[in-house]
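1. predicted structure and sequence below. I'll ask about it afterward.
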Amino acid sequence: MHYGADYNPDQWPEDIWPDDIARMREAGVTLVNLGIFSWARLQPEEDRFDFAWLDRILDLLHEGGIAVDLATPTASPPPWVSAKYPEILPQDERGATYWPGARQHYAPSSPVYRRLAATVAAALADRYADHPAVVMWHVNNEYGCHVHADYSDAARDAFRRWLTDRYGSIESLNAAWGTDVWSQRYGSFDEIVPPRLAPCSRNPHQLLDFRRFTSDMLLECFLLERDVLRAHGATQPITTNFMGAFKPADYNRWAEHLDVLSDDCYPDPNDPESFRDAAFQRDLMRSLKPGAAWYLMEQSTGAVNWRQANAPKAPGQMAALSAQAVGRGADGILFFQWRQSVSGPERLHSAMLPHAGTDTRSWREVVALGADLAALPPLPPPDERDGHVALVFDWENWWGVEGLDHPHNGIDYYAEMHRWYRALHRRHAQVDIVPPERVDDRYALAVAPLLYLLRPAGAAALERFVAGGGHLLTGPFSDVVDEHDRLCPGGYLTRLGPVVGIRLEDFGALVPVDAVGPGEREALVKAPWGGFRGTVHAEEIEALGASVEARFTTGRRRGHAAVTRNTHGRGVARYLATLPDEAGVQTVVDAALADAAVEPTLPGLPEHVEVARRGSMLTLVNHGGPVAEIALSGRDVLTGEEVSAVRLAAWDWRMLWEDTATTG
Ligand code: GAL
């Protein structure tokens, strides 16, 4: 179990370094991410490298017994780069340039940027591949975090090449993009530009491909540096830090290229439910590389600096969230950053070693957590069969759902996924977060709201899943388009129709009950297992083989089907013709869990206590609620002692070996 932080020694005079290392040892730090933003120091001019300072700090860290995840500094090109090669600067859709002055001001598809990035990565590997302190490589930092898409001329040229590879001929691109609409037919790939600012609705198929392209360009940058590191002698695992469900980068396509996944996660302490969103992020990491542990590469000890109102963590909350991460598969707990900066935008962002020094609550908590993590025995990797419920989450579908010109143009896919995840989390179901293609018989229930864009293999997997006995919950606005965002011959639900046993005739957008102005208001729905308010959509569906479980009781669709249940093969598929409101999501999830006979990971837990299974280990965390007395006995992972009951006050956590645990 690694413990540590981003370490930026180049922000400090060297005489502080020995103190850093002494304090790191006191805190139990075992690993630091070094040099993430050090390009200007490492390569002050194109033809000059300065490794002397890095040599010294690497040696000091090594002598201090602290391992290094050595970074390539390519997330922030130094001023000489942009002065000499302004063509590396990215542009937004209006052609406005992102100038230097912050970080991440590079166009991922710029050949010049890539050449320079490869050069500095090669130089680092040449010098440090065999350094005994270096145990891992950290490529770049949070690819795409600030510049979500680049529309520059470098992007234009690369987009043309990418489309040529994808479509082969301009005719097949014209077919995929439906360019006969609005006279957009292309004569050659050289006529294509990124979807820059345009007078009105841009071509949706082009927008979707541009999202794929953007993710692929960032991935190419990672692969380039990874391959350069390898070619120059690096044998250590190579990672880059993810940001949970981050829209611009399709991590389902990235994950296989990383030796170890790492993730940055900053739940808002002001949001009492944000621990469930953190759990979502951890489960996503667990699901992206099944059966493998991952690293929590960045979190904060206290407040961040980039929200409107930045709350510190409550006493104990940092450790509770760290335990949550370990319970959901993390083998490293690290922070941004080691020592709080005195200058720069992050001078008020919390850190392991705060401005106020070591006589602080936060330092004491840092030291205590380090000691606990050090006391853990080697933990089992997460098991591929830990999850019993699949939450179907997919980047291409996300991009599709949030495309424009839909019946309802206010859908927030990320927020929607989190609503369903939170409802499952409250019921202590262990959830894998997977694309439709990965739904299989290891799951009892698959929850797939808003499955708008469905690839043929995904549709086939869902059909097989239900036919084989699984329970599927889907709709509304599902199985509407193919992978090009085009309607399929035959209308809607062309693949899942037989599975859900309904026909979808038309959509109807709803507006909130308290909306000003005209519009069909949100409608009430009544089912035997409870009622809810339907929002966003009230679709016109017709039950064919399915039975009607719930009907709209108000509004234009009054008396018509709102929820249907179909048996297909040995399984069951429910379809929602509307999106339940907040409470309704819980009602529907409860009904689906009961129908699919999904048991909670542990029975009888209150909602503020979470439980996670990691192979043979169970982790319980009280996320700040009242004391919970849990009738559970077993062997404590941390102490090795037998416990006969678990008592968790606010922010307490406990890990037990599951094979020794008995409830009641
Ligand atoms: C991350 C970033 C770090 C630091 C941190 C602050 O997005 O990778 O370098 O800026 O945020 O919360």
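-> That came through fine. Numbers count the residues shown, from 1 in each chain.

2. residues from this protein in reach of the ligand?
-> Proximity of the chain to the ligand, by CB under 6 Å from any ligand atom, involves residues 141-142, 145, 264, 266, 298, 304, 336, 346, 349. Just so you know, the C-beta spots here come from the backbone N, C-alpha and C atoms, and that holds for glycine as well.

3. among those, which one lies nearest to R211?
-> C145 (16.1 Å; CB to CB).

4. how many neighbours does that closest one have?
-> 16 (other CB atoms under 10 Å).

5. please report the distance of the closest residue to H608 other than its chain neighbours from H2.
-> Distances taken as CB to CB, 6 or more residues apart in numbering put G625 closest to H608, at 3.0 Å, once the chain neighbours are dropped. Distance, G625 to H2, by CB to CB, to the nearest Å: 30 Å.

6. same check, this time on R419
-> Counting by CB to CB, the gap from R419 to H2 is 33 Å.

7. and if you look at E610?
-> 23 Å.

8. cool, and D359?
-> 27 Å.

9. again, but for G168
-> 46 Å.

10. comparing those two, which residue is more hemmed in?
-> H2 (20 against 10).

11. OK, contacts around that one?
-> H2 makes contacts with 30-31, 67, 295, 331-334, as judged by CB atoms under 8 Å, 6 or more residues apart in numbering.

12. so what pLDDT did it get?
-> On pLDDT, H2 comes in at 98.

13. may I have the phi/psi pair for it?
-> Torsion angles at H2 (phi, psi; degrees, to the nearest 10) stand at phi -90, psi 150.

14. from now on call the first residue 262
-> Fine by me, first position is 262 from now on; the one you just mentioned is H263.

15. list the beta-bridge partners for L893.
-> Beta-bridge partners for L893, by DSSP bridges, are T924.

16. next one: the one 10 residues further on
-> With DSSP bridges applied, E903 shows beta-bridge pairing to R896.

17. which SS class is the residue in the stretch 362-511 of the chain that the ligand sits nearest to?
-> Residue nearest to the ligand within the stretch 362-511 of the chain (CB to the nearest ligand atom): E403, separated by 4.4 Å. When classified by DSSP: H, G, I helix; E, B strand; the rest coil, E403 comes out as coil.

18. my guess is it contacts G505. True?
-> No - in this structure E403 lies outside contact range of G505 using CB atoms under 8 Å: 10.8 Å.

19. now the common contact residues for the two.
-> D525.

20. what about D920, how many residues nearby?
-> 9.

21. gap between it and L879?
-> 10 Å.

22. what do you get for P351?
-> Separation of P351 from L879 (CB to CB): 46 Å.

23. in the stretch 262-411 of the chain, where is pLDDT below threshold?
-> Scanning the stretch 262-411 of the chain for pLDDT under 70 picks out no residues.

24. where do the helices sit along it?
-> 278-288, 300-303, 313-324, 340-345, 372-389 (DSSP state H, counting those that start in this stretch).

25. who are the packing partners of the third one?
-> When contacts are defined as 3 or more CB pairs under 8 Å, 6 or more residues apart in numbering; DSSP states H and E, helix 313-324 sits against helix 278-288, strand 292-295, helix 300-303, strand 328-332.

26. what sits up against that helix?
-> 270-271, 275, 278-279, 282, 293, 295-296, 299, 302-303, 328-329, 331, 389, 392-395.

27. quick one: secondary structure of the residue nearest to D693 when sequence neighbours are not counted?
-> Spatial nearest neighbour of D693, chain neighbours left out: G648 (3.4 Å); criterion: CB to CB, 6+ apart. Classification of G648 by three-state DSSP places it in coil.

28. I'd say G648 and D701 touch.
-> No - the criterion here is CB under 8 Å, and G648 misses it with D701 at 11.3 Å.

29. between those two, which one's more packed in?
-> Regarding G648 and D701, a neighbour count based on other CB under 10 Å identifies G648 as having more, with 23 against 15.

30. confidence score at the spatially closest residue to F654 that is not a sequence neighbour?
-> Nearest non-adjacent residue to F654, counting by CB to CB, 6+ apart: I694, 4.7 Å away. What the model reports as pLDDT for I694 is 98.

31. next: T924.
-> 63.

32. pretty sure W659 contacts E677?
-> No - contact status for W659 versus E677: not in contact, 9.7 Å apart, counting by CB under 8 Å.

33. neighbour count for the two, which is higher?
-> Neighbour count, other CB under 10 Å: between W659 and E677, W659 has more, with 21 against 17.

34. can you tell me the helix or strand for L917?
-> Per DSSP states H and E, L917 falls inside strand 914-918.

35. ok, the residue nearest to W423 when sequence neighbours are not counted - contacts?
-> Leaving out its chain neighbours, the residue that sits closest to W423 by CB to CB, 6+ apart is F474, at 4.9 Å. Neighbour list for F474: 419-420, 423-424 [criterion: CB under 8 Å, 6+ apart].

36. what is the nearest of the contacts of H263 to T900?
-> Nearest member of the contacts of H263 to T900, counting by CB to CB, is I594, at 18.9 Å.

37. OK, contacts around that closest one?
-> I594 is in contact with 262-264, 557, 560, 583, 586-587, 630, 634, counting by CB under 8 Å, 6+ apart.

38. how many neighbours does the residue in the stretch 612-761 of the chain that the ligand sits nearest to have?
-> Relative to the ligand, the nearest point of the stretch 612-761 of the chain is A612 (9.8 Å; CB to the nearest ligand atom). The tally of other residues near A612 (other CB under 10 Å) stands at 23.
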